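1. Curious how this folds, go ahead:
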Amino acid sequence: MDQPSDKPATQPSPHFVAVGQQGQRIISVDGLDWTHQQLGKEGEVYRAVAFGNGRCVAVGTYGGDNIFASSADCITWETGKQNAHYSTYIRGMGFGKETFLALGGDPGAVGDSKPFIMTSADGVKWTEPFHVAGRNILRRFAYGNGQYVAVGDRGRRAASSDGREWKDASDVKAIDTLVDVAFGKGLFVGVGLNGLRMSSEDGLKWSGRLVGEEGEHCNSVTFTGEQFVAVGLGATYFSPDGRTWARKENKDAPLTAVFGGGVYVGANWKGRILHSSDAIEWKQVFKSEHQIEALCFGGTA
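-> Residues are numbered from 1 along each chain as shown. Have a look, this model is predicted:
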C-alpha cells in the first residue's frame, strides 16, 4: 500500500516502528499495514529506534542538535533536543541493562572522532555526552551476558559492563569493519561488507571469520530466538549457532531489517518498507516520500 490508513488510536503491542528523515515515525502491527505516519521538521533525521522500559525511543539529529522522541504508545510522542555543538552527533542507539544507550562522535573529525555515549531511562531525559576512550565512533551494539558489545568505524569493536568504561578488541583491521551486531545463544555475532561474519563470546576475542561474494554487503543481523539471520545484498545467511552458516540468494533485499512476530521487515531507498516471511523473498508494502533510516520491533506494555 502507498498511503497510511486511518485506524483507531489503540494499537496492540508488540508492533513495528519505522523512523527516518523529515522526523518520520510510523507503526505497524503486522509489518504489512502501516499507520499513524507522523512527520517533524524539514531536516530532522531519526537515525535509530528501540523499545525498552515500556517505551519506544527514537534518536537523531537536526542542524546542530541531537533530537529525541519517546512514546508510551508509539502514537503520542514527547520530543526534545540537546545541543550537539555540531560535533557530538548521535549515530546509533539501543537498549540494554534497563537503559537506553546512545552512541556517537564527530563524523567530520580526521584522526579522532571523539566517541561518546549518552544514557536515558525513558528517552526523554538524557545525560550529557560522556566521552569514552578510543579514536573511532561506535555505532551499533548488542547487549547480552551482562555486557554491551559495540561495533564501529575502521574495524573498531569494544565491550563494556556499564556503558561508560570500554575495552577495545585488539588487532582489528579496517577491512573487517562490522556494520551490525546481535546477541543470541550466549554469542555475539557481527556482520559487514562482502558477507563478512564473525562471532565472539565477550566482544573482545573474535573468531570464525567468513566472507561471501563481493558486493554481498550485510547491513543487518538479527537473532530470531532460533537462529541468526544476516541480510545482505543478493544473499541472506542463516546460522543456528552463529558459527556455521547457510547461504541463500535473496530478491529485492532491504538495506536494514528486523525480525518480529514471525516475519521480517526492512527498508530500502527511497522510503520503501519491505516485508518477508523468510528473509529471502521481499515485497514492498509501503512507500513513503521520505527515507526510512531504522526499524525496531517490540512492545510498550
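
2. give me phi/psi at the residue lying closest to G146 once chain neighbours are set aside?
-> What sits nearest to G146 in space, not counting adjacent residues and going by C-beta to C-beta, 6 or more residues apart in numbering, is S161, at 6.2 Å. From N, CA and C alone the C-beta is placed, and that goes for glycine too. Taking degrees, to the nearest 10, you get phi -90, psi -20 for the backbone angles of S161.

3. Just give me the neighbour total for S161.
-> 13 (other C-beta atoms under 10 Å).

4. Do I have it right that it meets Q147?
-> Yes: using C-beta atoms under 8 Å, S161 makes contact with Q147 at a distance of 5.9 Å.

5. returning to that earlier point: got the contact list for the residue nearest to G146?
-> Taking C-beta atoms under 8 Å, 6 or more residues apart in numbering, we find S161 in contact with 146-148.

6. again, but for D122
-> Residues near D122 by C-beta under 8 Å, 6+ apart: 53, 55, 57, 70, 100.

7. Closest one of those residues to Q284?
-> Nearest to Q284 out of these is V57 (C-beta to C-beta; 27.1 Å).

8. what's near enough to touch the closest one?
-> Counted by C-beta under 8 Å, 6+ apart, V57 has contacts 49-51, 68-71, 93, 95, 100, 120, 122-123.

9. If we use 10 Å, what do you get?
-> With contacts defined as C-beta atoms under 10 Å, 6 or more residues apart in numbering, the neighbours of V57 are 17, 19, 46, 48-51, 68-71, 77-78, 93-95, 100, 102, 120, 122-124, 126, 296.

10. Likewise for G144?
-> With contact taken as C-beta under 10 Å, 6+ apart, G144 is in contact with 96, 181-188, 201, 203, 223.

11. if I look at it, how far off is G184?
-> Noted for G144: a distance of 8 Å to G184, by C-beta to C-beta, to the nearest Å.

12. buried stuff in the helix or strand hosting A267?
-> Secondary structure assignment for A267, by DSSP states H and E: strand 263-268. Neighbour counts over strand 263-268 (16 or more other C-beta atoms under 10 Å) mark 263-268 as buried.

13. Give me the sheet partners of that strand and which way each runs.
-> strand 256-260 (antiparallel), strand 272-276 (antiparallel) (DSSP bridges).

14. Which residue ranges of the stretch 51-200 of the chain form strands?
-> Taking DSSP state E, counting those that start in this stretch to define them, one finds strands in the stretch 51-200 of the chain at 55-62, 65-71, 77-83, 89-96, 99-105, 116-120, 130-131, 138-144, 147-152, 157-160, 167-168, 178-184, 187-192, 197-200.
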